[in-house]
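J.: Give me a 3D structure for the following:
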Amino acid sequence: MGPSLATLIGQFAPLSFAYRPAAIVSYSKGRYGGIRAAMQLRTYLSELGLIHVPSMLAISHVENITEQGQTENPEILTPTAKLMEELIWFAEAVKEHSKEHELLYRGKLWSDHGPSRAAKK
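T.: Below is the predicted model of the structure:
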């Protein structure tokens, strides 16, 4: 993980990341698509309390994407769509679960750390 990303994440309180769904996307000019950095990031995000989806998207040969972020490459588009479906599923699952159950953060009730449940309703 690059130092600039670590610095950016460090600007926010760790609690602001708890129970937030996340997907990891990496890229590189090489054939591995930055997968080694993504693996390090997975551990870091877990420590912050983010719920990262099991899948990751590694985009290799990023130079094949236009400056506007466009591509017609099905090897990028298909996994991207699947990753987004998975991220949405996790986000909806956390939202539904939190409606009926008090969430825990580091062994304590979420309401002891974060916004009260009354404020959510």
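J.: In this structure, spot the helix with the most residues.
T.: helix 74-100 (DSSP state H).
J.: List the buried residues in that one.
T.: For helix 74-100, burial by neighbour count (16 or more other C-beta atoms under 10 Å) applies to 76, 79, 83, 87, 90-91. Placement of C-beta: from N, CA and C, glycine included.
J.: likewise stretch 28-38?
T.: 28, 33-35, 37-38.
J.: so which of the residues you listed comes closest to residue 17?
T.: Nearest to residue 17 among the buried residues of stretch 28-38 is residue 38, at 17.3 Å by C-beta to C-beta.
J.: give me the beta-bridge partners of the residue most central in space within the chain?
T.: Closest residue to the average C-alpha location of the chain: residue 22 at 1.8 Å, with C-alpha atoms, centre = their mean. Per DSSP bridges, the residues bridged to residue 22 are residue 52.
J.: Wait, it touches residue 48, no?
T.: No. Between residue 22 and residue 48 there is no contact under C-beta atoms under 8 Å: 9.0 Å.
J.: Would you map the strands across this structure?
T.: Using DSSP state E, the strands of the chain run over 21-27, 51-59, 104-105, 108-109.
J.: can you put those in a markdown table and add distance to residue 96 and mean pLDDT?
T.: Converted to a markdown table, the strands of the chain look like this (distance: least, C-beta to C-beta, whole Å; pLDDT from 0 to 100):
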| stretch | distance to residue 96 | mean pLDDT |
| --- | --- | --- |
| strand 21-27 | 12 | 92 |
| strand 51-59 | 13 | 91 |
| strand 104-105 | 16 | 68 |
| strand 108-109 | 19 | 66 |
